[in-house]
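> quick one, what's the 3D model for this:
(one chain, ligands or ions: 1)
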Amino acid sequence: MTKVPLLDLTRQYKAIQHEIKAAMDQVVESQRFILGPKVEELEQGIASYCGAKYAVGVSSGTDALLISLMAEGVGPGDIVVTTPYTFFATVGAIVRTGARPVFVDIRPDTYNMDPQKLDATISNMSEEERAHLKAIIPIHLYGQCADMAPIREVADRYDVVVIEDAAQAIGAEYQWPGEGIKRAGSMGEYGCFSFFPSKNLGAFGDGGMVVTSDEARYHLLKILRVHGARPKYYHKVVGGNFRLDALQAAVLIVKLKYLDQWTQKRQENAQVYRKLMEEAGIEKVKLPLEKEARHIYNQFIIKVSRADRDRLRDYLAENGIGTEVYYPVPLHMQECFGYLGYRPEDFPVSVEASQTTLALPIFPELKPEEISYTVEKLADFYKK
Ligand SMILES: *Cc1c(COP(=O)(O)O)cnc(C)c1O
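Now for the predicted structure:
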């Protein structure tokens with residue numbers, strides 16, 4: 001029996017269902033389902049929320065990454081650098097263009113790309129490889145920005161673009177030395193977002209967005225989204241069907257108004273966990289490091305010993321508490337990427353994270369008693 005779900009979207013829906021139904025009804029009445037005014041309104045809302053000039057609504061976070069790579073002309077023979085500790089889509093998108101992913105390991109405290117390892121990996125490349133290096137994709141994992149200033153510095157030094165995988169990080173902030181606060185998605189040439197239902201801003205199905213502040217890139221993204229056509233039925237480039245539905249946009253426009261309030265609830269839940277864990281004296285559980293200016297807690301990730309992780313997960317499940325392992329197999333160890341020739345030990349920090357981390361419930365509508373019950377069961381596990 002589930003007592004504390006990892007995520008319960010029905011609680012959020014109940015609170016705003018009337019508004020959502022009215023917004024969806026407008027679209028249904030108009031019978032305009034593809035792109036159109038709702039999608040444009042959402043694009044403006046997301047662009048300004050993220051501190052970017054433009055936004056292009058697309059079919060998913062995966063397609064946001066793919067269309068960004070396509071807009072840069074990334075293809076066979078090219079190289080794109082990212083980390084092996086992310087959701088599959090980051091690397092899947094690279095491979096689908098025909099390019100080769102090159103991995104760099106993560107930092108053990110934030111699980112985000114390690115800028116020093118990025119620098120070392122690129123400086124160790126041959127001239128020839130470096131000539132084919134097209135892009136770097138840092139991931140703002142779990143809702144906290146990667147260390148963008150040093151990543152940007154490396155990218156600029158080698159003249160490659162930065163595509164931010166901000167799928168888990170809408171509204172996350174980074175303190176850029178000397179320049180102030182910047183939002184996830186506004187620090188690279190492209191910022192990619194997902195509206196998968198479990199993300200902080202979730203649609204009623206699939207959806208995504210690319211933000212950019214570069215006008216030429218914006219126009220190209222818009223053309224690629226509709227099979228590369230401009231005008232209609234005249235194609236200079238090959239794109240795809242990467243469109244966002246008006247119904248999804250209508251839902252997201254309503255939800256965007258509540259996003260900051262929900263983010264604040266997630267942050268408060270994180271504080272409650274911290275306080276209760278400290279009071280319970282649970283020393284064997286490492287809590288997430290809040291390093292950047294604004295962590296939006298798409299996930300609340302604890303770290304335990306290798307020996308304890310799966311047993312802890314089972315124990316919490318037996319007590320009705322939902323958890324998840326993000327991600328059990330780093331991408332350099334996935335069967336489909338075997339041809340890349342990596343060995344498990346090439347990225348020890350990613351391997352360690354995959355074996356020691358666990359996501360606890362953190363969603364905005366989580367009740368204080370659900371958090372205290374979870375912490376109580378964590379404490380029980382370590383008493384045994
Ligand atoms: C969710 C996610 C994606 C993919 O988004 P979809 O909308 O599911 O296609 C990509 N990268 C990361 C890090 C994600 O968490």
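
> residue 315 contacts residue 383, correct?
No - in this structure, residue 315 is not within contact of residue 383 by Cβ atoms under 8 Å, at 11.3 Å. All C-beta spots, glycine's among them, are computed from the backbone N, C-alpha and C.

> how much space separates residue 238 from the ligand?
21 Å (Cβ to the nearest ligand atom, to the nearest Å).

> residue 379 looks like it's in a helix, true?
Yes - assessed by DSSP: H, G, I helix; E, B strand; the rest coil, residue 379 belongs to a helix.

> quick check: can you list the domain ranges of the chain?
Listed domain ranges for the chain are 9-104+111-256, 259-383 (source: automatic domain parsing).

> among these, which is the most enclosed?
The highest average neighbour count among those, using mean count of other Cβ atoms under 10 Å, belongs to domain 9-104+111-256 at a mean of 20.

> would stretch 110-119 count as contacting the ligand?
No - using Cβ under 6 Å from any ligand atom, stretch 110-119 stays clear of the ligand, coming no nearer than 10.8 Å.

> quick one: average pLDDT of that stretch?
Stretch 110-119 shows a mean pLDDT of 98.

> and what of stretch 143-157?
Mean predicted confidence for stretch 143-157 is 98.

> tell me which residues are up against it.
By Cβ atoms under 8 Å, 6 or more residues apart in numbering, the surrounding residues in contact with stretch 143-157 are 107, 110, 112-113, 115-116, 118-119, 122, 136, 138-140, 161-162, 164, 168-169, 172-174, 176-177, 182, 184, 187-188, 200, 266, 288, 290-293, 295-299.

> again, only using 7 Å
Applying Cβ atoms under 7 Å, 6 or more residues apart in numbering, the external contacts of stretch 143-157 come out as 110, 112-113, 115, 118-119, 122, 136, 138-140, 161-162, 168-169, 172-174, 176-177, 184, 187, 291-292, 295-299.

> just checking, which of these belong to strands?
136, 161-162, 173-174, 176 (DSSP state E).

> pipe the residues you listed into CSV and attach distance to the ligand and pLDDT per row.
Putting these into CSV (distance: Cβ to the nearest ligand atom, whole Å; pLDDT from 0 to 100) gives the following:
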residue, distance to the ligand, pLDDT
136, 15, 98
161, 17, 98
162, 15, 98
173, 18, 98
174, 16, 98
176, 22, 96
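
> residue 338: which of those residues is nearest?
residue 136 (23.6 Å; Cβ to Cβ).

> is it true that the closest one touches residue 160?
Yes - assessed by Cβ atoms under 7 Å, residue 136 is found in contact with residue 160 at 5.9 Å.

> list residues touching both of these two?
With Cβ under 7 Å, 6+ apart, residue 136 and residue 160 have no common neighbours.

> look up how far the ligand lies from residue 135.
15 Å.

> excluding chain neighbours, what is closest to the residue of the chain found nearest the ligand?
Among all residues of the chain, residue 61 sits closest to the ligand, at 2.4 Å; criterion: Cβ to the nearest ligand atom. The shortest distance from residue 61 to any non-neighbouring residue, by Cβ to Cβ, 6 or more residues apart in numbering, is to residue 194 (2.5 Å).

> that neighbour touches residue 206, doesn't it?
No - in this structure residue 194 lies outside contact range of residue 206 using Cβ under 7 Å: 8.3 Å.

> list the residues that contact both of these two?
Joint contacts of residue 194 and residue 206 (Cβ under 7 Å, 6+ apart) are residue 60.

> report whether the helix or strand encompassing residue 249 contacts the ligand.
Assessed by DSSP states H and E, residue 249 sits inside helix 246-256. No - applying Cβ under 6 Å from any ligand atom, one finds helix 246-256 separated from the ligand by no less than 11.0 Å.

> that helix: what's the following helix or strand?
Next along from helix 246-256, by DSSP H and E: helix 259-280.

> could you point out which element follows that following helix?
Per DSSP H and E, the helix or strand that comes after helix 259-280 is strand 300-303.

> residue 248 is in contact with residue 203, isn't it?
Yes - in terms of Cβ under 7 Å, residue 248 counts as a neighbour of residue 203; the distance is 4.3 Å.

> what sits in contact with each of the two?
Common neighbours of residue 248 and residue 203 (Cβ under 7 Å, 6+ apart) are residue 195.

> quick one on the thing from earlier: now do the helix holding residue 249 against helix 259-280, angle only.
60 degrees (axes from the mean of the first three to the mean of the last three Cα atoms, to 10 degrees).

> mean confidence score for helix 246-256?
The model assigns helix 246-256 a mean pLDDT of 98.
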